[in-house]
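Trainee: just need the structure, nothing else, for what follows:
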Amino acid sequence: MGVCVLEYVMSAVFSYRGSRNVSAVVIAACVAASVAMLAAVPGEAAEIVDVQIDNAKLMNVPEHTATIVIGNPMIADVSLQGGGVLVVTGKSYGATNFLALDRAGKVLADRQLVVRGAPDHTVSVYYGVERATLNCNPQCQPRVALGDGAKIFDKAVGQITARNGLAAHSAPAASASAR
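Mentor: As a prediction, this is how the structure comes out:
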């Protein structure tokens, strides 16, 4: 909606470019666009929950929540814990929603989930049309990121999978030798 407002305001400014009172036109356009936006939103605006991709965030859900529904589980995943604690994990970029329902199916909460990229020390490197994402803090290391080239992505995922497999197989041996 913000882009629509900007386009509306800019079209008003350019339409009245010859006018001496351009600022009054801009203010009137902003007010009209704001009123139109408010009229288009029924009831209260939904609370927006920002989550970084590959990160978890804790939230509280209303009492008597029995079921959580995710609009698009490819964007975010949730896990309902005891005490009304919800763990939200960002899985891919985008926006979705979640609903908290009681046992009778009544909606207790409806919230927007927006999954964004991490604002950390990531660098994108392009090899022709193939993109690779690196996390540079303090040394640059490969980071699996949506949108990376298939060869680069698959190679990084393969290395991560192999490393995790080695760690899983060596853990019992390490604990046995510690006895």
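Trainee: so what pLDDT did residue 141 get?
Mentor: Residue 141 is assigned a pLDDT of 84 by the prediction.
Trainee: okay, and the beta partners of it?
Mentor: residue 135 (DSSP bridges).
Trainee: tell me what the longest helix anywhere in the chain is packed against?
Mentor: The single longest helix within the chain, with elements called by DSSP state H, is helix 150-177. Judged by 3 or more Cβ pairs under 8 Å, 6 or more residues apart in numbering; DSSP states H and E, helix 150-177 is in contact with strand 130-136, strand 140-142. From N, CA and C alone the C-beta is placed, and that goes for glycine too.
Trainee: for residue 146, give me the pLDDT.
Mentor: On the pLDDT scale, residue 146 is placed at 82.
Trainee: that one touches residue 90, doesn't it?
Mentor: No. Counting by Cβ atoms under 8 Å, residue 146 sits too far from residue 90 to count as a contact (10.9 Å).
Trainee: shared neighbours, the two?
Mentor: Common contact partners of residue 146 and residue 90 (Cβ atoms under 8 Å, 6 or more residues apart in numbering): residue 53.
Trainee: neighbour count winner among these two?
Mentor: residue 90 (23 against 13; other Cβ atoms under 10 Å).
Trainee: who's that one bridged to?
Mentor: Applying DSSP bridges, one finds that residue 90 bridges with residue 53, residue 76.
Trainee: distance of it relative to residue 118?
Mentor: Here residue 90 is placed at a distance of 9 Å from residue 118 (Cβ to Cβ, to the nearest Å).
Trainee: any shared contact partners between these two?
Mentor: Contact criterion Cβ under 8 Å, 6+ apart; residues shared by residue 90 and residue 118: 52, 53, 54, 55.
Trainee: most neighbours of all these, which one?
Mentor: Neighbour count (other Cβ under 10 Å) singles out residue 53 as the most crowded of the shared contacts of residue 90 and residue 118, with 18 neighbours.
Trainee: what sits against that one?
Mentor: 90, 91, 92, 93, 115, 116, 117, 118, 146.
Trainee: what helix or strand does residue 144 sit in?
Mentor: Under the assignment given by DSSP states H and E, residue 144 is not contained in any helix or strand.
Trainee: can you report how many residues lie near it?
Mentor: Neighbour tally, residue 144, other Cβ under 10 Å: 16.
Trainee: give the contact list for it.
Mentor: 133, 153, 156, 157, 160.
Trainee: restricted to buried residues, select these in ChimeraX.
Mentor: Selection of the buried residues among the contacts of residue 144 in ChimeraX, burial being defined by 16 or more other Cβ atoms under 10 Å:
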select :133,153,156
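Trainee: so can I have a markdown table of the contacts of residue 144 showing pLDDT?
Mentor: Putting those into a markdown table (pLDDT from 0 to 100) gives the following:
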| residue | pLDDT |
| --- | --- |
| 133 | 88 |
| 153 | 87 |
| 156 | 85 |
| 157 | 87 |
| 160 | 85 |
